[in-house]
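Student: Let's see this in three dimensions:
(one chain, ligands or ions: 1)
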Amino acid sequence: MVDDAVLEQHVHAATSDAAPDEVTPPVSPGGSWTAARVGWLRDFHHGRRAGLDAPAGEATWAIVVDETVVGSVRLKHTDEPDLLETGIWLTRRVLGRGLGPAVMVAVLQQATVLGAARVRADTTAGNAAAPSVLRRLGFTLTVGKDGHDVQATVSLLPRAPREHQWTNLERDTVLSAGNRLQS
Ligand SMILES: CC(C)(COP(=O)(O)OP(=O)(O)OC[C@H]1O[C@@H](n2cnc3c(N)ncnc32)[C@H](O)[C@@H]1OP(=O)(O)O)[C@@H](O)C(=O)NCCC(=O)NCCS
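Tutor: Numbers count the residues shown, from 1 in each chain. Down below sits the predicted model:
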């Protein structure tokens, strides 16, 4: 869950060091941060505090490294009961260090604990990093007829190893990828 304090750090991380189009939909014209985009970001996380099983059907977490928010990850129910959808963004300063794949591994483990059989991530063919990261994690990529949209899906093992199961993650304030993955 992203509480008020974490949400403000989140907004700071996004607006100071992430591309608006990687964080929010195009709620305002142009590629820069606007009040509309920041408002969308606040409303989005605020509306998902109740977790995956609340009406929004989605949970979000901040990604924290050295006590600083450097991105966000989410899991969302889909129309298919055993399929969860995920999305992630990171600040520019932490790109290219393997953090994204590490967080995705943690998210896949969490999805397994939540009973999902598959996880889907939507990206685009022109995305510089996501397709190769997803492929390396075992996702199968399907390019849409428009040659632009890419849907990536991975099947999960039936059960996460006991030592990797996270309890009460939805109630956590932050997802600390480094700490979690070392434990
Ligand atoms: C996708 C994403 C989470 C990957 O995270 P990451 O921690 O940078 O992943 P990696 O460290 O494994 O690097 C991935 C690739 O980016 C490259 N990279 C390195 N430094 C980079 C930089 N400064 N900027 C962009 N890409 C960089 C790496 O060389 C690597 O390339 P390769 O796959 O050809 O080897 C991250 O790029 C991101 O937040 N992108 C914007 C949002 C997005 O696309 N989300 C995915 C939607 S599902």
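Student: Any stretches of the chain with poor pLDDT?
Tutor: 1, 159-183 (pLDDT under 70).
Student: For it, what lies in contact range of the ligand?
Tutor: Taking C-beta under 6 Å from any ligand atom, the part of the chain that reaches the ligand is made up of 22, 87-90, 95-101, 121, 123, 127-130, 132-133. The way it works is simple: take the backbone N, C-alpha and C, and place the C-beta from them, glycine included.
Student: Relative to the centre of this protein, find the outermost residue for me.
Tutor: Most distant from the centre of the chain: Lys145, at 25.2 Å, with distances by C-alpha atoms, centre = their mean.
Student: what's the helix or strand for Pro29?
Tutor: Pro29 is part of no helix or strand when elements are defined by DSSP states H and E.
Student: dump the residue contacts of Leu41.
Tutor: By C-beta atoms under 8 Å, 6 or more residues apart in numbering, the contact set of Leu41 is His10, Val11, Ala14, Val23, Thr24.
Student: Also Val70?
Tutor: Counting by C-beta under 8 Å, 6+ apart, Val70 makes contact with Ala13, Ile63, Val64, Leu90, Thr91, Arg93, Val94, Leu99.
Student: In the residues you listed, find the pair that's most separated.
Tutor: Using C-beta to C-beta, those span at most 13.9 Å, a distance reached by Val64 and Arg93.
Student: returning to that earlier point: I'd like the contacts of Val70 written out as JSON lines, with neighbour count added.
Tutor: JSON lines is the format used below for the contacts of Val70 (neighbours: other C-beta atoms under 10 Å):
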{"residue": "Ala13", "neighbour count": "24"}
{"residue": "Ile63", "neighbour count": "27"}
{"residue": "Val64", "neighbour count": "21"}
{"residue": "Leu90", "neighbour count": "23"}
{"residue": "Thr91", "neighbour count": "23"}
{"residue": "Arg93", "neighbour count": "14"}
{"residue": "Val94", "neighbour count": "18"}
{"residue": "Leu99", "neighbour count": "20"}
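Student: Out of these, list just those in helices.
Tutor: Ala13, Leu99 (DSSP state H).
Student: Strands - which of the contacts of Val70 land there?
Tutor: Judged by DSSP state E, the subset of the contacts of Val70 located in strands is Ile63, Val64, Leu90.
Student: Quick test: name the residue nearest the centre of the protein.
Tutor: Centroid-nearest residue in the chain: Val73, 2.2 Å away (criterion: C-alpha atoms, centre = their mean).
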